[in-house]
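Enquirer: what follows is a predicted protein model with its sequence.
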Amino acid sequence: MAKTKSKSLIFVILLTLLLGCIPSVGFAEGSLDKDFEEIKALFEIGDKYEDFHKYEYDAYEGRKIISLNWSSENSHISVSIDEDGKIMSYYKSDHSNYNQPIIYKFPKITREEGSEHAKNFIKKIFPDILDEIKPLDEEDLNSIYYRDDLSGFNYQYVMMVNDLAFNENSVYINVDNQTGEVISFNINWEKGLKFPDTEGIISKDEAKEAYINNINLGLAYRIKETDEGTKVYIGYSILDTDKTVDAKTKDILSTSYKNTYPIYGATSDRNMESFSNKEADELINSKKVINKQEVSKKFFDAFKLGEEYEVEDHKLRGDKDKDIYIWDVMVVKKFKNGSSGVSSRIDAKTGDILDFSDPGTWDEDFEEAKYSKKELLERAKQIIKGNSPEKYKEVEYVEDENDNLRYSQNNVSNFQFIRKANGIRVENDGYRINFSNATGKISSYYHGWNDIEFEAPDKLIEEDTAKEILLENRELDLGYQRLMKEDNKDDVKLVYDFKDKHLIVDAKTGEVINAIEDLIEKQGMKEYKDLENTYAKEQVQRLQKYITLFEGDEFKAKEEISQKEFFQLLAQTKDVYSYQDIDYLYERFIREGILKQEEKNIDGILTREEAIMYVVRLFGQEPLENLGDIYKLDYDDSDEISNNLKGHIAIARGLGLIRGEGNFRPKDNLTREEAVVIIYNILNR
């Protein structure tokens, strides 16, 4: 299973990067104290919020942001405003049930009802923009990232000009799907921009022709997960993802970011498990992995760490089936008044560092730059040569063309080195290294290198043919965008843009590969083709709107489910977002008392009574031990239920999670359809 939960991250990034001139609510005049009181009245912050504090920080282009925070015994409200008193964000949290486990329920309100609450909130805070915005439909959103989760409904609104979208002026709102209350609000809005009219624009066909003639496709080895396993193929993709067509002049413009080559420093956390000290020692003694001392030395030597640094908290994790082993460590830098640490990773078999961030560079972005990019590029090359001289021969330096664009200014130099095989770049493989321009020290380092075989690049279709395939039966969309260059940041253009830039053309077969659709299917979001074979069809279809079930296009209702698979489902009924990370998932379940250490059996098949035991613990309702005989159960086979689990069964029945008659079949192995019904009942209580 896979899961992507990035809405909150997207909000934070956009809030940080796109801070502009937000519409004023009329309290920029006078003292800040007066502004605070008006904000309290606007957001109905009552007297129960007795504790108040504020702090300031610098945001994009040196704008001062003031964070206002009110707290009561059971809740917290935060409002961010800029130095002119303009609202940037709002967030409310309720911790009245702080000591109780958070277990989600299906929404009590509809998405349409939530939308009304969102619009009413905007009307109250920014009434002057309500007629200028339009909500993005699910078709407009990348559903893999914006699918509603069980914590609330998410809405994005964009500015409309001449019935065309200007996405940079936008509003994000999260609404509690139980109460309809707005939980968070973020606005990115700049006033005073001038928008071209729609008179005399070129046709879509003309725009498409200009686009095809001015974009370039690039070849890369790529990896695709199939039912038969991992497939390596050569694919064409658009290199000039920043290019759009000026609807007035037919000129080619740069109004977006160019795709960077993704390089992931960490091996996937899927199916990774922690090893005990005894197991780690056995692997070390067998020379399967390097020892802790070697790990520490690798970091010190590679990044020239001084005496103020320490490498500690070594933890070995791995996937035995794939023969992958990773050392997780904490790199710590000590200061006069404390210390700061950042987790890093290293391949435990090869000693290749996968990722590293210097915990002591966070305050250096504001210092004066002392090193040129040319100097730092040479340092980056030397680091790769020193760490992996053979791999250095297989990489190519590729300049990051986004460095000098709007919103990307900082005091850091970025360098990417892409792996090549048979003269073709390899997706996700290579190095990405960042340096502080002030100190010349490395601030972050990422390294990815897949152990795969590369097919020969023969009998490939031509680039022009790939372009025709890519654009066949697809149109460019008309909308407003700003030029990306810093000196033209206020220049809004009316452009035609190709929205399907993520598509890839298989260079041998001509097949169009949609990575997003593949991911949707991988996450179990597509309708299974065998649902007519299960009594749980309705439960499956409703659950798929909110959580990830099973990979593939078949549900396989009667297939038995492992402990790991059930836990990944169970985790989605509560606030466990990183459940794809098996190691983290198990650590969390053990810490919260859902699982006991001796019960850990990742790939073991669960029985029905064991599944109920974990569900009851999820609710924090572990019954007292050795009281099985006092629980009255009306199942025909209740004598087959383990005595120490009768209390769990009785509690689950009382919570309405299971039925209370007929045969319970406690020792039968749990199937997928039975597991789904349990998860459904948890959310439908």
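Expert: Perfect, thanks for sending it.
Enquirer: from the chain's centre, how far out does the host helix or strand of residue 115 sit?
Expert: Following DSSP states H and E, the helix or strand that holds residue 115 is helix 111-125. Relative to the chain's own centre, helix 111-125 is displaced by 26 Å; criterion: CA atoms, centre = their mean, to the nearest Å.
Enquirer: what's it in contact with?
Expert: Helix 111-125 is contacted by residues 25, 42, 87, 90, 107, 109, 129-130, 133, 135, 148, 152-153, 155, 157, 171, 173, 175, 177, 180-182, 185 when judged by CB atoms under 8 Å, 6 or more residues apart in numbering. Every C-beta, even on glycine, is put in place using the N, C-alpha and C of the backbone.
Enquirer: that helix: which residues count as buried?
Expert: 114-115, 117-119, 121-122, 125 (16 or more other CB atoms under 10 Å).
Enquirer: using a markdown table, lay out these together with distance to residue 420 and pLDDT.
Expert: Formatted as a markdown table, these follow (distance: CB to CB, whole Å; pLDDT from 0 to 100):
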| residue | distance to residue 420 | pLDDT |
| --- | --- | --- |
| 114 | 49 | 96 |
| 115 | 49 | 95 |
| 117 | 52 | 97 |
| 118 | 48 | 97 |
| 119 | 51 | 96 |
| 121 | 51 | 97 |
| 122 | 50 | 97 |
| 125 | 52 | 93 |
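Enquirer: can I get those residues in TSV with distance to residue 380?
Expert: Listed next are those as TSV, based on distance: CB to CB, whole Å:
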residue	distance to residue 380
114	48
115	48
117	50
118	46
119	49
121	47
122	46
125	46
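Enquirer: count of residues packed around residue 165?
Expert: 20 (other CB atoms under 10 Å).
Enquirer: hmm, I typed the wrong one, I wanted residue 358.
Expert: Residues lying near residue 358 (other CB under 10 Å) number 24.
Enquirer: oh, and call the first residue 27 from now on, that's how I've got it
Expert: Okay, using 27 as the starting number, the last item reads as residue 384.
Enquirer: was I right about it contacting residue 367?
Expert: No. Applying CB atoms under 8 Å, one finds residue 384 not in contact with residue 367, separated by 10.8 Å.
Enquirer: anything in contact with each of the two?
Expert: Joint contacts of residue 384 and residue 367 (CB under 8 Å, 6+ apart) are 357, 359.
Enquirer: is residue 179 bridged to anything, and to what?
Expert: residue 201 (DSSP bridges).
Enquirer: which non-adjacent residue is nearest residue 690?
Expert: In space, and not counting its chain neighbours, residue 690 is closest to residue 661: 4.2 Å by CB to CB, 6 or more residues apart in numbering.
Enquirer: ditto for residue 438
Expert: That would be residue 460: by CB to CB, 6+ apart, it lies 5.1 Å from residue 438.
Enquirer: does anything pack onto whichever strand or helix holds the one you found? Which helices or strands?
Expert: Element membership for residue 460 (DSSP H and E) is strand 450-462. On a contact count with 3 or more CB pairs under 8 Å, 6 or more residues apart in numbering; DSSP states H and E, strand 450-462 meets strand 243-252, helix 399-413, strand 421-424, strand 438-447, strand 468-474.
Enquirer: which of the residues in the first one are buried?
Expert: Of the residues in strand 243-252, those buried under the neighbour-count criterion (16+ other CB under 10 Å) are 243, 245-248.
Enquirer: from those residues, which is closest to residue 413?
Expert: The shortest gap between residue 413 and any of the buried residues of strand 243-252 belongs to residue 247, at 22.6 Å (CB to CB).
Enquirer: low-confidence ranges in the stretch 377-526 of the chain?
Expert: Scanning the stretch 377-526 of the chain for pLDDT under 70 picks out 387-392, 427-436, 511-516.
Enquirer: and the next element down the chain from the helix holding residue 141?
Expert: That would be, after helix 137-151 and using DSSP H and E, strand 159-161.
Enquirer: so what strands line up beside that next one?
Expert: Assessed with DSSP bridges, strand 159-161 is paired to strand 179-187 (antiparallel).
Enquirer: what average pLDDT does the strand it pairs with get?
Expert: Predicted confidence along strand 179-187 averages 95 (mean pLDDT).
Enquirer: relative to helix 137-151, how tilted is it?
Expert: 60 degrees (axes from the mean of the first three to the mean of the last three CA atoms, to 10 degrees).
Enquirer: and strand 179-187, what's buried?
Expert: Buried-residue list, strand 179-187, by 16+ other CB under 10 Å: 179-187.
Enquirer: what does that strand contact?
Expert: 33, 133, 137, 140-141, 144, 148, 155, 158-162, 167, 172, 174, 191-201, 203, 215, 221, 506.
Enquirer: buried subset of the contacts of helix 137-151 as a ChimeraX selection?
Expert: Selecting just the buried residues from the contacts of helix 137-151 in ChimeraX takes one command, with 16+ other CB under 10 Å as the test:
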select :51,68,113,116,133,135,155,159,174,178,179,181,183,197,199,201,203,206,208,211
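Enquirer: what helix or strand is residue 82 on?
Expert: strand 77-84.
Enquirer: over to residue 702?
Expert: Going by DSSP H and E, residue 702 is in helix 698-709.
Enquirer: quick check: mean pLDDT of that helix?
Expert: Mean predicted lDDT for helix 698-709 stands at 98.
Enquirer: quick one: residue 152 from residue 185, how far?
Expert: For residue 152, the distance to residue 185 equals 12 Å [CB to CB, to the nearest Å].
Enquirer: ok, residue 709 touching residue 132?
Expert: Yes. Assessed by CB under 8 Å, residue 709 is found in contact with residue 132 at 4.9 Å.
Enquirer: I am finished for the moment; much appreciated.
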